[in-house]
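# when you get a sec, could you give me coordinates for this:
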Amino acid sequence: MARIYYIGDWAIMLGPVFAETPFNYAHKGTEVMNYGKWLKEALESNGRHEVVSVPTWEFYSLPPGELERVLDEYDVLIFSDVEAKNFQLAPQFFDRTKFGREPLTFPDRIRLIVEAINRGTHAMFLGGWLSFNGEMGKGGWGRTGLSQVLPVTCLEVEDLRESTEGFWGQAVASDHPLIADVDLASMPPILGYNIVRAREDCEVVATWEPTGDPMLAVGQFGQGRVLAYTSDPAPHWGCNFVYWNQYSTFWSSAAEWLLSDQETTAVASCQEWTPQTK
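Numbering: from 1, shown residues only. Below you'll find the predicted structure:
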């Protein structure tokens, strides 16, 4: 059974806020929302995958050595709405009791993830307001070393494209195993996505209609396969998507393709990766 580590698509809602007097503002209500439940259920629906779903704040708070354990034990990583700061910062940097005692440095999470993918860990990078370049550039993936293992090129400006009418998927490579078992023409309206550019030597499997922007792209980096889906697997962009009768098939096919024998399915090998040296 393949093990999948899914980071993101959780939220905490505080409120509503009641202003009872000019001096008294109270949050009345706290709710933890797991937007990742649909994707987790879809990936586990065929009984061949075990998914551990963690909020972004737990990923950010992983103690030293824990990410290395995850990278050793899991076959697939999923990042969805995980902005760059969660990779680049550590909670200890904001602990005043640690200032001035000794140098505060930790292993570079982005370097560890890039190296793991090149050794054979597979990955999905999924869209959202805090993915790819994201809202006001907050996603920031293209500004980091993650760009080495993305099968698309991020914009350098805000990349959100949204519509209350929605967008639809259009197959470019209809025989690709990722989409061979689904009918993209029956896909419900998707309310937004991240604009990205196709990457040389990587393959765009499907695009968004009516814009023609990449929807689904794949590539291989070293021994690892990587998939980019440029919208959100969960609400709000995906509030119709999660009720599609082929939602589980779509994501099961994605996992199966990532994990399949590399000799059985041709995949573009993206630009050769070389480790960065200090």
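
# how about the contacts made by Phe79?
Under the criterion of C-beta atoms under 8 Å, 6 or more residues apart in numbering, the neighbours of Phe79 are 7-8, 123-126, 131. C-beta here means a position set from N, CA and C on the backbone, and glycine is covered the same way.

# out of those residues, which are inside strands?
Among the contacts of Phe79, the residues falling in strands (DSSP state E) are 7-8, 123-126.

# and Asp261, what pLDDT?
As predicted, Asp261 sits at a pLDDT of 61.

# do Tyr229 as well
At Tyr229, pLDDT is 98.

# and what of Lys28?
At Lys28, the pLDDT value in this model is 86.

# ok, Lys278 next?
Reported pLDDT at Lys278 in the predicted model: 36.

# swap in Pro103?
pLDDT for Pro103: 88.

# the longest strand seen in the chain pairs with which strands, parallel or anti?
Among the elements of type strand in the chain, defined by DSSP E, the one spanning the most residues is strand 160-171. Taking DSSP bridges as the criterion, strand 160-171 sits next to strand 190-194 (antiparallel), strand 203-209 (antiparallel) in its sheet.

# quick check: mean pLDDT of the last one?
By that I understand strand 203-209. Averaging the model's pLDDT scores along strand 203-209 yields 98.

# next, count neighbours for Phe30.
I think there's a mix-up here, since residue 30 is Thr and not Phe. Using other C-beta atoms under 10 Å, Thr30 is surrounded by 9 other residues.

# how about Met136?
Residues near Met136, counting by other C-beta under 10 Å: 10.

# identify the residues contacting the helix or strand containing Ala42?
For Ala42, the enclosing helix or strand under DSSP states H and E is helix 37-44. Residues from elsewhere that reach helix 37-44 (C-beta under 8 Å, 6+ apart): 4, 6, 9, 49-51, 53, 78, 80, 233-234, 238, 242, 247-248, 250-252, 255.

# for that helix, the distance to its chain's centre please.
Relative to its chain's centre, helix 37-44 lies at 14 Å (C-alpha atoms, centre = their mean, to the nearest Å).

# which positions within it qualify as buried?
Within helix 37-44, the residues that qualify as buried are 38-40, 42-44, counting by 16 or more other C-beta atoms under 10 Å.

# could the residues you listed be laid out in a markdown table, adding distance to Lys138 and pLDDT?
What follows is the buried residues of helix 37-44, written out as a markdown table (distance: C-beta to C-beta, whole Å; pLDDT from 0 to 100):
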| residue | distance to Lys138 | pLDDT |
| --- | --- | --- |
| Trp38 | 24 | 98 |
| Leu39 | 22 | 98 |
| Lys40 | 25 | 98 |
| Ala42 | 27 | 98 |
| Leu43 | 26 | 98 |
| Glu44 | 30 | 98 |
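
# and of those residues, the nearest to Leu160?
When the buried residues of helix 37-44 are compared for distance to Leu160 (C-beta to C-beta), Leu39 comes out closest, at 20.3 Å.

# now stretch 22-32: buried residues?
Of the residues in stretch 22-32, none is buried by neighbour count under the rule 16+ other C-beta under 10 Å.

# any chance of a markdown table for the buried residues of helix 37-44, columns distance to Leu227?
Shown next, in a markdown table, are the buried residues of helix 37-44 (distance: C-beta to C-beta, whole Å):
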| residue | distance to Leu227 |
| --- | --- |
| Trp38 | 17 |
| Leu39 | 13 |
| Lys40 | 17 |
| Ala42 | 14 |
| Leu43 | 12 |
| Glu44 | 18 |
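
# return the closest of the residues you listed with respect to Glu156.
The shortest separation between Glu156 and any of the buried residues of helix 37-44 is 28.5 Å, and it belongs to Leu39 (by C-beta to C-beta).

# how near is that closest one to Arg101?
With the distance defined as C-beta to C-beta, to the nearest Å, Leu39 ends up 42 Å from Arg101.

# and for Leu259?
Looking at Leu259 against Arg101, where the rule is C-beta to C-beta, the gap reads 45 Å.

# between the two, which has more neighbouring residues?
Shown here are Leu259 and Arg101; by other C-beta under 10 Å, Leu259 has more neighbours (15 against 7).

# wait, the more buried one touches Asn46, no?
No - because the distance of 11.7 Å does not satisfy C-beta atoms under 8 Å, Leu259 is recorded as not touching Asn46.
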